[in-house]
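Asker: missing the sequence, but the structure's below:
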């Protein structure tokens, strides 16, 4: 009798050869076939033990990375959303610390196929790795859990995600997810790579499950997962700092280079970039902070945009970096902070005055505000270049939300981007080499949450634009400056919506 959880895949198997499920006693159990991917010097193998629902997989190969892979793969073809999970453990010690035992979804059996995997490395690192397109580069989202006992890889619609369980614990989300388009049918399975072409490595996969995932029912409430991440500019690899089912937004990097700030439930929170437990920042009476906050250039003060006064309109305050009583800077409302001049003397912000949203500046210690933009439509998100000579901002004056720049006195306003997408929240890197911004599809109006978005990286030397990350996000992802002080990393928030 075929287990009910596999029935959907068996219907698919009836239209394919070989069948979806081998006959009882077949040596591959749930899976249809096995093969070496790429050209490992030493051939791999796999055996199935029905008594423990487990597989012993031996693989060689130089690596699963870059533009092509070499490993041993045990697989089946499927359609639709799917989860694959197993307990994974390596046999023996002394192998390469980067050897991998993986759960995979893969477009094809060629060495450069698009794929995603939940990879357990020999040194205990667990990560979600992916190649977006055939022959393209491999990237990863590193988990902050080491040495998990059980791994789960999910493909839901456009997104793949990773769950992990430490020994004796239940599976939990890791927070990381990536947008990956796979044509149906595609392959799911398990694999081992030795990371050394002169060796074979063996891993045990037990309690293996391949599970079809039903789409959410109409009206079903979805759980939101917020993930605080960093991405390395040189490699484009991502790392999870922390995840939660609460809404978190808008990270800033503290000047020490080791701690991050974010807002959640009206408060500011501090957390080590390497991971840990967030701790609240004392903001006095200001307990309705929104996602427009930051750090002074000298690292001595915080700036917040808070809505605690009875009219619930946002106003701008500063306070000591360690917390304390907020000092009003902009009392006219609504006002939303976005940039602090490199010399520490001036704040740039977006404000609504007489029904129009424009860019303003004000002395950091308070005083009269100065209006810099007057074009009809929304101007928002001002941030200073590190030399203080340029203010970047986003403007809808052309009909699309585009990135613009001007001098700090408002003169010389000109577009930086000219295309059909909608771009928000430009942030120059501290070294002056890059401009990062958030991009929505052309049909998306405003900057809503929970949309397919991209982080784009523009080289200020030649104007070339690259994709830094694809994620579910938008509002809350990078509303404020979030570069590390050394310009090597960017912090952001991604989201998942799951049943």
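Answerer: On my side now, so go ahead. Just so it is clear, the model here is predicted, and its values are computed rather than measured. Numbers count the residues shown, from 1 in each chain.
Asker: quick one: the strands in the stretch 151-300 of the chain?
Answerer: Here the stretch 151-300 of the chain has its strands, by DSSP state E, counting those that start in this stretch, at 159-165, 172-179, 186-193, 201-212, 223-232, 238-244, 249-253, 259-264, 267-272, 279-280, 294-295.
Asker: I'd like those laid out as CSV, including distance to residue 481.
Answerer: For every residue, glycine as well, the C-beta is placed using N, CA and C. Formatted as CSV, these follow (distance: least, C-beta to C-beta, whole Å):
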stretch, distance to residue 481
strand 159-165, 27
strand 172-179, 22
strand 186-193, 39
strand 201-212, 42
strand 223-232, 14
strand 238-244, 17
strand 249-253, 6
strand 259-264, 11
strand 267-272, 15
strand 279-280, 21
strand 294-295, 6
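Asker: Deepest in the core, which of those strands is it.
Answerer: strand 186-193 (a mean of 27; mean count of other C-beta atoms under 10 Å).
Asker: Tell me the helices and strands packed up against that strand.
Answerer: Packed against strand 186-193 by the contact rule (3 or more C-beta pairs under 8 Å, 6 or more residues apart in numbering; DSSP states H and E) you find strand 54-59, strand 71-78, strand 82-90, strand 100-106, strand 201-212.
Asker: how about these in JSON lines, adding mean pLDDT?
Answerer: As requested, the helices and strands packed on strand 186-193 are exported to JSON lines (pLDDT from 0 to 100):
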{"stretch": "strand 54-59", "mean pLDDT": "97"}
{"stretch": "strand 71-78", "mean pLDDT": "98"}
{"stretch": "strand 82-90", "mean pLDDT": "98"}
{"stretch": "strand 100-106", "mean pLDDT": "98"}
{"stretch": "strand 201-212", "mean pLDDT": "97"}
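Asker: which one of those strands lies closest to residue 171?
Answerer: Closest of the helices and strands packed on strand 186-193 to residue 171 is strand 82-90, at 7.1 Å (criterion: C-beta to C-beta).
Asker: And the closest one, what does it pack against?
Answerer: The elements that strand 82-90 packs onto, with contact taken as 3+ C-beta pairs under 8 Å, 6+ apart, are strand 100-106, strand 115-121, strand 150-156, strand 186-193, strand 201-212.
Asker: got a list of what residue 408 touches?
Answerer: 341, 346, 361, 384, 388, 389, 390, 391 (C-beta atoms under 8 Å, 6 or more residues apart in numbering).
Asker: let's go with 6 Å and repeat that
Answerer: For residue 408, the contacting residues are residue 391, taking C-beta atoms under 6 Å, 6 or more residues apart in numbering as the criterion.
Asker: export the helices and strands packed on strand 186-193 to a markdown table and tack on distance to residue 133?
Answerer: Listed next are these as a markdown table, based on distance: least, C-beta to C-beta, whole Å:
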| stretch | distance to residue 133 |
| --- | --- |
| strand 54-59 | 24 |
| strand 71-78 | 19 |
| strand 82-90 | 21 |
| strand 100-106 | 13 |
| strand 201-212 | 25 |
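Asker: Looking at those strands, which is nearest to residue 424?
Answerer: Across the helices and strands packed on strand 186-193, residue 424 has its closest neighbour in strand 100-106 (31.4 Å, C-beta to C-beta).
Asker: Outline the domain layout of this protein.
Answerer: Using automatic domain parsing, the domain parsing of the chain gives 4-212, 223-498.
Asker: weakest of those by average pLDDT?
Answerer: Ranked on mean pLDDT, the bottom entry among the domains of the chain is domain 4-212, at a mean of 90.
Asker: For the residue lying closest to residue 281 once chain neighbours are set aside, which residues are in contact?
Answerer: Distance criterion C-beta to C-beta, 6 or more residues apart in numbering; nearest residue to residue 281, sequence neighbours excluded, is residue 268 at 4.1 Å. Residues in contact with residue 268 (C-beta under 6 Å, 6+ apart) are 261, 281, 283, 289.
Asker: Just the ones of the residues you listed in helices?
Answerer: Judged by DSSP state H, helices contain none of the contacts of residue 268.
Asker: Among the residues you listed, which one sits closest to residue 454?
Answerer: Nearest to residue 454 out of the contacts of residue 268 is residue 261 (C-beta to C-beta; 23.9 Å).
Asker: For that closest one, give the beta-bridge partners.
Answerer: With DSSP bridges as the criterion, residue 261 is bridged to residue 252, residue 270.
Asker: quick one: it and residue 275, what's the gap?
Answerer: 15 Å (C-beta to C-beta, to the nearest Å).
Asker: Would you mind measuring from residue 114 to residue 128?
Answerer: 14 Å.
Asker: So between these two, which is more surrounded?
Answerer: A direct count of neighbours by other C-beta atoms under 10 Å for residue 114 and residue 128 places residue 128 higher, at 26 against 21.
Asker: Helix, strand, or coil at the more buried one?
Answerer: Here residue 128 is strand, with the state taken from DSSP: H, G, I helix; E, B strand; the rest coil.
Asker: That one: what's it in contact with?
Answerer: 141, 162, 176.
Asker: if you skip the residues just before and after it, what's nearest to the last one?
Answerer: The shortest distance from residue 176 to any non-neighbouring residue, by C-beta to C-beta, 6+ apart, is to residue 141 (3.4 Å).
Asker: by contact count, what packs against the strand or helix carrying that neighbour?
Answerer: Per DSSP states H and E, residue 141 falls inside strand 138-146. With contacts defined as 3 or more C-beta pairs under 6 Å, 6 or more residues apart in numbering; DSSP states H and E, strand 138-146 has these neighbours: strand 125-131, strand 238-244.
Asker: okay if I get those strands as a markdown table plus distance to residue 486?
Answerer: Output for the helices and strands packed on strand 138-146, formatted as a markdown table (distance: least, C-beta to C-beta, whole Å):
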| stretch | distance to residue 486 |
| --- | --- |
| strand 125-131 | 23 |
| strand 238-244 | 16 |
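Asker: Would you mind telling me which of those is nearest residue 33?
Answerer: Short answer: strand 125-131, nearest of the helices and strands packed on strand 138-146 by C-beta to C-beta, at 21.2 Å.
Asker: Same question for stretch 434-441: list its buried residues.
Answerer: Within stretch 434-441, the residues that count as buried by 16 or more other C-beta atoms under 10 Å are 434, 435, 436, 437, 438, 439, 440.
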